[in-house]
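Trainee: Provide a 3D model corresponding to the input given below.
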Amino acid sequence: MDRSTDEAAIRRMFEALGEAWSREGASAVERFYTPDSDYVTFDGSWLRGREANRRVHEELFAGVLAGTRLVGEIEGVRFLGPDTAVVVSTGAVLWPWQTSAPASRRSRQTLVVVRGDDGRWRIASFQNTRVQRLPPSDSLFMRLFVAVLRFRLALWRRRHPEALAS
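Mentor: Predicted coordinates for the structure are as follows:
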């Protein structure tokens, strides 16, 4: 089945969300999210429902997000059915003086999008995770981290020999 038309519509919706961010702020949430949507923020907060999402973003746009732009790109779209898709994207919020996002501010998002009765794609779930690269496995930090983990595991095994029997 050719899903190129649906994928193009999803990509347009994603682009429109970024454009609406700077023009409309929190009111854009109304158009792009389902009423019962879930939004997990980069700090792990879970906003349940479009109204909670709008309310939190209203506060953010009145403060720290004032004047910001949302930039991002879809990395992949995978259809789970005729009216549901998983979208993975990477993006960032830019301050007014920035032209590109520093690596430390990039986030990866996983969206579940659904097609409504009106034919429009909306976000039913949005998970936002800050991209944080781990240090190389041979770095001093990681070698020390692994040594501490092995030490703690050895202590735990000594105190819980019954766990080794199974």
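Trainee: show me where the chain has helices.
Mentor: Along the chain, counting by DSSP state H, helices occupy 4-24, 29-32, 50-62, 140-159, 162-165.
Trainee: of all those, which lies closest to F79?
Mentor: Closest to F79 of the helices of the chain, according to CB to CB: helix 4-24, at 7.1 Å. Just so you know, the C-beta spots here come from the backbone N, C-alpha and C atoms, and that holds for glycine as well.
Trainee: and the angle from the closest one to helix 50-62?
Mentor: For helix 4-24 against helix 50-62, the angle by axes from the mean of the first three to the mean of the last three CA atoms, to 10 degrees is 50 degrees.
Trainee: For this structure, spot the helix or strand the model is least confident about on average.
Mentor: helix 162-165 (a mean of 76; mean pLDDT, DSSP states H and E).
Trainee: neighbouring contacts of that one?
Mentor: By CB atoms under 8 Å, 6 or more residues apart in numbering, the surrounding residues in contact with helix 162-165 are R157.
Trainee: heads up, I number from 127, so please use that
Mentor: All right, first residue 127 from here; so that's helix 288-291.
Trainee: Next up, the contacts around F187.
Mentor: Residues in contact with F187 (CB under 8 Å, 6+ apart) are G151, A152.
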